[in-house]
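[1] Okay, predicted coordinates and the sequence, questions at the end:
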Amino acid sequence: MSPRMFQGKSDAPEFPQHLDWLNTDRPLTMQELRGRIVMLDFWTYC
């Protein structure tokens, strides 16, 4: 697949302001992450 296939589809929303961040000393923004590969790890306490 060509990376151009996904360009211009829609922008990801900014992170909510009230999130608790792990493994970073400050909240990140979508602008800082633009052009990078980002892995999100979701888990639940059940």
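    Cool, got the structure.
[2] Not counting sequence-adjacent ones, nearest residue to residue 12?
    Spatial nearest neighbour of residue 12, excluding adjacent residues (C-beta to C-beta, 6 or more residues apart in numbering): residue 30 at 5.6 Å. (Glycine included, C-beta is placed from N, CA and C.)
[3] quick one: that neighbour and residue 15, what's the gap?
    According to C-beta to C-beta, to the nearest Å, residue 30 and residue 15 sit 7 Å apart.
[4] The residue nearest to residue 12: neighbour count?
    Close neighbours of residue 30, defined as other C-beta atoms under 10 Å, add up to 12.
[5] likewise residue 37?
    With other C-beta under 10 Å as criterion, residue 37 counts 5.
[6] returning to that earlier point: what residues does the residue nearest to residue 12 make contact with?
    11-15 (C-beta atoms under 8 Å, 6 or more residues apart in numbering).
[7] Next step: the residues you listed restricted to helices.
    Assigned to helices by DSSP state H, none of the contacts of residue 30 qualify.
[8] Can you name the two of those that sit furthest apart?
    The distance between the two most remote of those (C-beta to C-beta) is 12.9 Å, for 11 and 15.
[9] Same drill for those two, tell me which one is more crowded.
    Between residue 11 and residue 15, residue 15 has the larger neighbour count (other C-beta under 10 Å), namely 13 against 8.
[10] pLDDT weak spots in the chain?
    The model of the chain has pLDDT under 70 over residues 1-8.
[11] Helices of that one, start to end?
    30-33.
[12] can you give me the strands for it?
    For the chain, no strands are identified by DSSP state E.
[13] Any idea how many residues pack against residue 17?
    Count around residue 17 with other C-beta under 10 Å applied: 6.
[14] In contact with it: list those residues for me.
    residue 27.
[15] Quick check: residue 12 vs residue 22, distance?
    19 Å.
[16] More neighbours: these two, which one.
    Higher neighbour count among residue 12 and residue 22: residue 12, with 9 against 6, using other C-beta under 10 Å.
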